[in-house]
Structures are given as C-alpha cells and as structure tokens.
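Novice: sequence first, predicted coordinates after that:
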Amino acid sequence: MFLGWFSLSAQDGYWKLLPSQSAKSVAENNDGKKNTRYFSLDEGMFTKTIHANTQKSIEVSYPLEDGSMGLFQLRETPVFHEELARKYPSIKSYTGISADGTARLRLSFSHRGVQGMCVDLQTRRMSFLQKLRGSENTYLAYQRDEEALRNDSFVCNTMPMA
C-alpha cells in the first residue's frame with residue numbers, strides 16, 4: 001500500500017494547476033469554452049511515465065476542467081497503420097477509464113504535446129485538454145459550452161464538384 005501511494009504521488013508531479021490570472025496572459029480566445037483551468041506539464045516526466053511502463057496498462061493523472069486530477073488506467077490504442085506507426089514512433093494514442101469507473105478518456109501524445117477528451121459516463125458531459133498555441137508547456141482544460149455552439153452559425157465554403 002505504501003509503494004502504491006509513493007508511485008501515485010510521484011505521478012502527480014508532471015501536472016501543475018496554474019493560477020488563472022498568470023495563465024490568461026498566455027491564453028488565446030476561449031469562446032465556446034467554459035469551466036476553464038490552466039495547467040503546466042512536465043513533458044519529460046510524462047513521457048518517462050508512459051514509455052517506461054512496459055505493462056499493458058498505465059496509471060496516469062489527468063487534469064480535469066474543475067481543476068482536479070483524475071486517475072486513469074490507460075491502454076495504448078494504435079490508430080496508425082503499422083508502416084506509419086514505425087515512421088512516427090513518438091505519436092501514440094490511448095484509451096482509458098477512471099479509477100472509479102465513471103469516466104472514459106481518449107488521449108494522444110506526440111512531439112506537439114498532449115490532447116485529450118474525457119467523457120463523464122453518467123452525465124455525458126465532455127471535457128477537453130489541449131496545449132495552448134505558442135506556449136512551451138501550458139495546457140487548457142475546459143468543458144465545451146454546448147449553448148454557444150448551438151448559437152454559432154456554421155457556414156460551409158466547400159465548392160461543389162462539377
């Protein structure tokens with residue numbers, strides 16, 4: 001039990017919640033996003049956690065839009081054809097389930113950082129995680145504002161083929 005706690009506390013070290021005011025200075029437009037929180041990621045530590053583990057599943061901490069950390073069991077879920085996977089070995093995708101079984105996670109990790117989508121299985125609410133454009137290691141965790149998306153007028157500018 002002690003070793004499990006030690007392992008878990010070490011994993012929490014790669015994500016840090018940032019104060020809103022300092023993160024907003026780096027942030028871009030947040031239209032259509034609510035419950036936003038900013039995090040910094042130690043990508044080196046996160047990479048070691050994911051790649052050092054040779055087991056079939058990996059236990060990782062994942063930031064949520066409410067500022068908390070969720071604990072997830074991840075499995076690598078390859079989406080590339082074998083040739084592409086060999087050509088781009090640093091691009092990986094994962095699926096996971098929260099430790100309490102109430103949420104599912106899709107996560108991708110590459111040289112461009114981490115991207116994730118988490119679905120609460122009870123409420124069907126979706127939250128997202130993305131790296132802020134132009135930042136070294138700042139991430140935005142947010143819940144999509146469905147009402148703002150409904151009110152947004154979509155215009156398709158694709159030209160029909162003759």
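Specialist: Thanks, I have it.

Novice: residue 95 - that's part of a strand, no?
Specialist: Yes - Residue 95: assigned to a strand according to DSSP: H, G, I helix; E, B strand; the rest coil.

Novice: pLDDT score for the residue lying closest to it once chain neighbours are set aside?
Specialist: Nearest residue to residue 95, sequence neighbours excluded (C-beta to C-beta, 6 or more residues apart in numbering): residue 77, at 4.5 Å. C-beta here means a position set from N, CA and C on the backbone, and glycine is covered the same way. pLDDT recorded at residue 77 is 91.

Novice: tell me how far residue 87 lies from residue 113.
Specialist: 20 Å (C-beta to C-beta, to the nearest Å).

Novice: would you agree residue 75 is in contact with residue 95?
Specialist: Yes - with contact defined as C-beta atoms under 8 Å, residue 75 and residue 95 form a contacting pair (6.0 Å).

Novice: got the phi and psi for residue 67?
Specialist: phi 90, psi -10 (degrees, to the nearest 10).

Novice: what number of residues lie near the nearest residue to it once chain neighbours are set aside?
Specialist: Nearest non-adjacent residue to residue 67, counting by C-beta to C-beta, 6+ apart: residue 37, 4.6 Å away. Using other C-beta atoms under 10 Å, residue 37 has 21 other residues around it.

Novice: the one 10 residues further on too?
Specialist: Other residues near residue 47 come to 15 when the count uses other C-beta under 10 Å.

Novice: same question, residue 81
Specialist: Residue neighbour count, defined by other C-beta under 10 Å, stands at 9 for residue 81.

Novice: which stretches of the protein form strands?
Specialist: For the chain, the strands defined by DSSP state E cover 15-18, 33-41, 58-63, 69-76, 92-98, 103-110, 113-120, 126-131, 138-144.

Novice: okay, those strands in TSV with distance to residue 50 next?
Specialist: Below are the strands of the chain laid out as TSV (distance: least, C-beta to C-beta, whole Å):
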stretch	distance to residue 50
strand 15-18	13
strand 33-41	12
strand 58-63	6
strand 69-76	8
strand 92-98	7
strand 103-110	7
strand 113-120	10
strand 126-131	15
strand 138-144	16
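
Novice: out of these, flag the one nearest residue 48.
Specialist: strand 58-63 (11.3 Å; C-beta to C-beta).

Novice: in the sheet, who's paired with residue 72?
Specialist: Beta-bridge partners of residue 72, counted by DSSP bridges, are residue 60, residue 98.
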